[in-house]
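A.B. asks: sequence? don't have it. structure:
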């Protein structure tokens, strides 16, 4: 799967819940609504039942996937530069029999990298869901820390 955020969200919520949340966000976008309290409350109820260790692991997985999504964008520039350099070098040997298949191979690889970049760059629904998920995780963990301090 090319979309890093979607992969993480599906593994955290499950495919059915992910699709439900995605449809809700898409509907809100169509209707120009900014209220996602239904998703927030549902996630809050789910995460409230988790222990602190699970929440910490979820936070770590989310942070890792956000970093991975950032890396895809960052690495795309280098992939573009490498593609241009390889294209120029291979084109200078057009007479050779290997040049045309090599051009197709590197162009195909570059198209895959471009697709990955675009999918991760323009995943508005997933980014919106990540923001909700992160805010719920932060709220639940903050409440747990507050209650732990009050008890001691």
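C.D. replies: Thanks, I have it. Just so it is clear, the model here is predicted, and its values are computed rather than measured.

A.B. asks: Quick check: mean pLDDT of the helix or strand where residue 75 lies?
C.D. replies: If you go by DSSP states H and E, residue 75 is part of helix 52-91. Helix 52-91 shows a mean pLDDT of 92.

A.B. asks: Which strands and helices lie in contact with it?
C.D. replies: helix 4-13, helix 99-121, helix 124-151 (3 or more Cβ pairs under 8 Å, 6 or more residues apart in numbering; DSSP states H and E). Every C-beta, even on glycine, is put in place using the N, C-alpha and C of the backbone.

A.B. asks: Check which helices and strands the longest one sits against.
C.D. replies: Taking 3+ Cβ pairs under 8 Å, 6+ apart as contact, the helices and strands that helix 124-151 lies on are helix 4-13, helix 15-30, helix 37-48, helix 52-91.

A.B. asks: one more time with 10 Å
C.D. replies: If you count contacts as 3 or more Cβ pairs under 10 Å, 6 or more residues apart in numbering; DSSP states H and E, helix 124-151 packs onto helix 4-13, helix 15-30, helix 37-48, helix 52-91, helix 99-121.

A.B. asks: Buried residues in the fourth one, which are they?
C.D. replies: Taking 16 or more other Cβ atoms under 10 Å as the neighbour-count basis, helix 52-91 is seen to contain the buried residues 55, 58-59, 62, 65-66, 69, 72, 76, 79, 83, 86, 90.

A.B. asks: do the same with the shortest one
C.D. replies: Buried residues in helix 4-13, defined by neighbour count with 16+ other Cβ under 10 Å: 4, 5, 6, 8, 9, 10, 12, 13.

A.B. asks: ok, now the second one?
C.D. replies: Of the residues in helix 15-30, those buried by neighbour count under the rule 16+ other Cβ under 10 Å are 17, 18, 21, 22, 24, 25, 28.

A.B. asks: sorry, back to before: got the angle between the helix holding residue 75 and helix 4-13?
C.D. replies: 150 degrees (axes from the mean of the first three to the mean of the last three Cα atoms, to 10 degrees).
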